[in-house]
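> got a structure for you, letters missing:
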């Protein structure tokens, strides 16, 4: 069965520092993987996704993620954090039927000046 | 950019009451979903809807829940007799076809059962 584990419920970084949000997955089929961001009082916005092809995926707002099959990981990174990046981040994998998303518990990113 | 619209943004209801959460999916989308996020927990899939019928539902989606597309634009989630544990953020989502890129979420309805 498909599942997602996000390591660290809360990550704090300084403005300008590297952002690393960790996601490990379990999937019985080749995974489709997603990162979503949720700003306060807003919906879930797609940051990036991996389906097939290039394992380094670039998304919006300077974020990128690398699919590593050997490590069953899909960590999200950004070279330099901005105050506006403070939000909740969710990693997700498509279910086996390909019809719905299975989410991790989320990681809250705080950015300090 | 097209949006999925959910109303109300926040609803408070008494335990045992019926609530209807409303969603207006993107107009040319064909697949509709409800997800739930209990405070501090992960976002969970409830149900998917296609061609005027439920195509898939999770264990959470028991007999107290129902979905409907009453007209060409709205997609509703009804909870018949609310329980305290139904308090959560409910997200509606829609997509046009099997292309996963087009999976769009609404901003959610926060349901508080007292």
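Great, that's in hand. Predicted model, so just to flag it, every value in this text is computed and none were measured.

> So which residues on chain B come close to chain A?
B:4, B:6, B:9, B:33, B:35, B:41-45, B:48, B:55-56, B:91, B:93, B:98, B:100-101, B:103, B:105-108 (CB under 8 Å from any CB of the partner chain). Bear in mind the C-beta positions are built from the backbone N, C-alpha and C, glycine included.

> Now, of those residues, which are buried?
Using 16 or more other CB atoms under 10 Å in any protein chain shown as the burial test, these include B:4, B:6, B:33, B:35, B:42-45, B:48, B:56, B:91, B:93, B:103, B:105-108 as buried.

> I figured residue B:46 hits residue B:59, correct?
No: in this structure, residue B:46 is not within contact of residue B:59 by CB atoms under 8 Å, at 9.9 Å.

> ok, and residue B:17, which helix or strand is that part of?
Counting by DSSP states H and E, no helix or strand carries residue B:17.

> before we move on, back to that, more neighbours, residue B:46 and residue B:59?
Shown here are residue B:46 and residue B:59; by other CB atoms under 10 Å in any protein chain shown, residue B:46 has more neighbours (21 against 7).

> Walk me through which strands the helix or strand harbouring the more buried one pairs with, and which way each runs.
Assigned by DSSP H and E, residue B:46 falls within strand B:43-50. As defined by DSSP bridges, the strand partners of strand B:43-50 come to strand B:31-37 (antiparallel), strand B:53-57 (antiparallel).

> any low-confidence regions in chain A?
Regions of chain A meeting the criterion pLDDT under 70 are absent.

> Point out the residues in it that sit beside chain B.
A:32, A:34, A:36, A:41-46, A:49, A:51, A:90, A:92, A:94-95, A:97-106.

> Give the PyMOL command for selecting the buried subset of these.
Buried members of these, defined by 16+ other CB under 10 Å, are picked up in PyMOL with:
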select buried, chain A and resi 32+34+36+43+44+45+46+49+90+92+94+95+100+101+102+103+104+105+106
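
> What about the residues of chain A next to chain B, which are in strands?
Among the residues of chain A next to chain B, DSSP state E puts A:34, A:36, A:44, A:45, A:46, A:49, A:90, A:92, A:94, A:101, A:102, A:103 in strands.

> I figured the last one hits residue A:92, correct?
Yes: Residue A:103 is in contact with residue A:92 according to CB under 8 Å; the separation is 4.7 Å.

> now what about stretch A:45-53, what contacts it?
A:30-39, A:57-61, A:63-65, A:67, A:74, A:76, A:89, B:100-101, B:103, B:105 (CB atoms under 8 Å, 6 or more residues apart in numbering or on different chains).

> how about low-confidence regions in chain B?
For chain B (pLDDT under 70), the answer is B:98-102.

> How are the strands of it distributed by residue range?
B:5-7, B:10-13, B:19-24, B:31-37, B:43-50, B:53-57, B:65-68, B:75-79, B:88-95, B:104-105, B:109-113.

> List the contacts of the residue sitting nearest the centre point of chain A.
By CA atoms, centre = their mean, chain A has its centre lying nearest to residue A:35, at 3.5 Å. Contact analysis of residue A:35 by CB under 8 Å, 6+ apart lists A:21, A:23, A:46-49, A:59, A:63, A:65, A:74, A:76, A:89-92.
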